[in-house]
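S.K.: My questions are about this predicted structure, shown below with the sequence.
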Amino acid sequence: MSDHPPVPEMVHSSTRGRAIRFAKVSKDFTTGNGRRISAVRQVDLEIAEQQFVALIGPSGCGKSTLLRLADGLLEPDMGQIKLGDTSPRPGPATGMVFQNFRLIPWRSIAGNVGFALEGQGLDTAELNQRVRMQLEQVGLAQWANHYPAQLSGGMRQRVALARALIGRPDVLLMDEPFASLDAQTRELMQDDLLALWEHHRPTVLFVTHSVDEALLLADRVIVMGGGAVLEDLTIDLPRPRRSTDARRVAEYGRLREHLWSRIRDLVLADPASAFFGRR
Ligand SMILES: Nc1ncnc2c1ncn2[C@@H]1O[C@H](COP(=O)(O)OP(=O)(O)OP(=O)(O)O)[C@@H](O)[C@H]1O
């Protein structure tokens with residue numbers, strides 16, 4: 001898959017994507033020593049169906065919490081979240097991909113990918129067929145009977161992506177999915193993700209610490225700080241984008257400089273940061 005063969009048509013036709021709406025959403029946590037933390041504060045955010053949105057901001061600013069609220073893994077303390085017309089609920093219609101893959105070590109690659117569909121009432125032949133086609137789509141068909149420990153980090157993340165995509169999600173929530181990969185694998189995975197997204201067009205909410213990754217992938221970059229949305233930037237770079245050509249556009253440099261200086265200022269102003277106060 002890393003040399004970007006065309007995405008096979010047969011896995012599933014394009015989804016429509018579902019709009020995501022956060023209306024005045026807040027979420028607090030209480031730490032072990034009883035301190036109250038406002039992880040997400042009064043977030044108002046409308047994400048159109050099929051949009052690719054990157055969330056960026058300093059460590060601890062609430063990005064992952066917002067994602068877990070969208071997945072239905074967490075309930076907001078205040079406000080309302082809607083995916084399309086419904087409240088978020090964990091299940092195959094919402095695909096989730098994490099930095100640390102979260103594969104089941106004792107299950108084969110096929111077993112990991114098929115896991116997402118178990119309990120959905122499919123017969124074994126149909127389930128196996130879906131798994132086979134999904135593995136083909138991410139270029140891992142020949143690894144179906146191997147185990148996660150036998151695969152490289154990039155391959156494991158493709159398994160995690162296949163597991164998220166097999167449920168034909170109309171919303172894909174990705175929490176720093178490529179952060180633990182080496183630089184080359186990361187760029188190849190970014191291109192692969194773009195090819196898959198351009199084909200299926202789920203709505204994507206993608207958490208990253210990388211300004212370049214956000215600019216390469218997203219239609220919009222949301223900058224968060226202290227649990228709040230601080231900036232909502234439209235990225236009008238031409239599509240289809242690939243890592244090699246996006247950076248050649250002059251606008252890319254301008255957006256990169258703007259975003260990086262914004263995030264740098266936030267990190268330097270954060271008392272919890274090791275860089276606090278530095279100029
Ligand atoms: N289950 C929890 N219990 C207590 N505090 C939590 C919990 N989950 C998150 N927090 C706190 O809420 C704040 C926001 O956390 P969150 O993980 O959403 O930030 P983040 O922007 O994703 O950070 P990072 O970039 O480091 O992953 C942080 O201060 C974090 O310590």
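M.R.: Received the coordinates, thanks.

S.K.: what residues are up against the most centrally placed residue in the chain?
M.R.: Centroid check for the chain by Cα atoms, centre = their mean gives Met174 as the closest residue, at 1.8 Å. If you count contacts by Cβ atoms under 8 Å, 6 or more residues apart in numbering, Met174 has them with Met96, Val97, Val204, Leu205, Phe206, Val207. (Each C-beta comes from the backbone N, C-alpha and C, glycine too.)

S.K.: Distance check, Ser210 against the ligand.
M.R.: With distances taken as Cβ to the nearest ligand atom, to the nearest Å, Ser210 is found 11 Å from the ligand.

S.K.: Of the contacts of Met174, which is the nearest to the ligand?
M.R.: Set against the ligand, the nearest of these by Cβ to the nearest ligand atom is Val207 (6.3 Å).

S.K.: count of neighbours near that closest one?
M.R.: Here the number of neighbours of Val207 (other Cβ atoms under 10 Å) works out to 23.

S.K.: Quick check, it in contact with Phe178.
M.R.: No: in this structure, Val207 is not within contact of Phe178 by Cβ atoms under 8 Å, at 10.8 Å.

S.K.: Which residues of this structure lie near the ligand?
M.R.: Phe29, Thr31, Ile37, Ala39, Gly57, Ser59, Gly60, Cys61, Gly62, Lys63, Ser64, Thr65 (Cβ under 6 Å from any ligand atom).

S.K.: Among those residues, show me the least confident.
M.R.: Lowest in pLDDT among the residues of the chain next to the ligand is Thr31, which has 88.

S.K.: What degree of burial does the residue nearest to that one when sequence neighbours are not counted show, as a neighbour count?
M.R.: Excluding the flanking residues, the one nearest Thr31 by Cβ to Cβ, 6 or more residues apart in numbering is Ile37, at 6.3 Å. By the criterion of other Cβ under 10 Å, Ile37 has 13 neighbours.
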